[in-house]
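Visitor: Sharing a sequence plus its predicted fold:
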Amino acid sequence: DRATIAKSFTLPRDSAPRVTSPAAKDGSMQQTINELTAFCTSLQRQHSELLAKFQAQEVEINRLKERVKLLEDKGVIRDKSGDDAPIKGRSNNEGEAPAERISNDSEELQGS
C-alpha cells in the first residue's frame, strides 16, 4: 500500500529539527574538546601511576636479586637456575617419604 510506504519514509512531525547554526556547532565542538582534554588528563594520570608502580616493582626485583646473590655467596642457598632454589640444610631427602620427614621434624622439635 502506497500510503504505508509513504508514512514509513517520513519523519514524525514532533521530531526535533537538526540545529545547524555555527554557534551550536562551536558549543558542541568546545564540549567535545573539553571531554577529550579531561580524558587525556585522566590517561596521563593513569600512565604516571602505572609508571611509578612499575618502577617500584623494578626496585623490589633488584633488591630481591641482590638478596638472593648475598645468600648464595654466604652458602645459605645453592646457585640454581630454576625459579625456586632450595634452602641448604632443608633439602628433600628423595629416598624418604614425606610422612617420615614430618615425623622426624616433629621429633626434632620435641627434643629441643
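Guide: Thanks, I have the structure now. Predicted, not measured: the structure shown is a model, and the values here were computed from it.
Visitor: What distance do you get for residue 65 to residue 59?
Guide: Here residue 65 is placed at a distance of 11 Å from residue 59 (Cβ to Cβ, to the nearest Å). Every residue, glycine included, has its C-beta placed from N, CA and C.
Visitor: so where is this protein shaky, pLDDT-wise?
Guide: 1-24, 79-112 (pLDDT under 70).
Visitor: for this protein, what's the longest helix?
Guide: helix 22-74 (DSSP state H).
Visitor: Let me see the contact set for residue 59.
Guide: Shown in contact with residue 59 (Cβ atoms under 8 Å, 6 or more residues apart in numbering): no residues.
Visitor: now it: how far from residue 53?
Guide: Taking Cβ to Cβ, one finds residue 59 at 11 Å from residue 53.
Visitor: what's the answer for residue 43, then?
Guide: For residue 43 relative to residue 53 (Cβ to Cβ), the value is 16 Å.
Visitor: residues near residue 76, how many?
Guide: 13 (other Cβ atoms under 10 Å).
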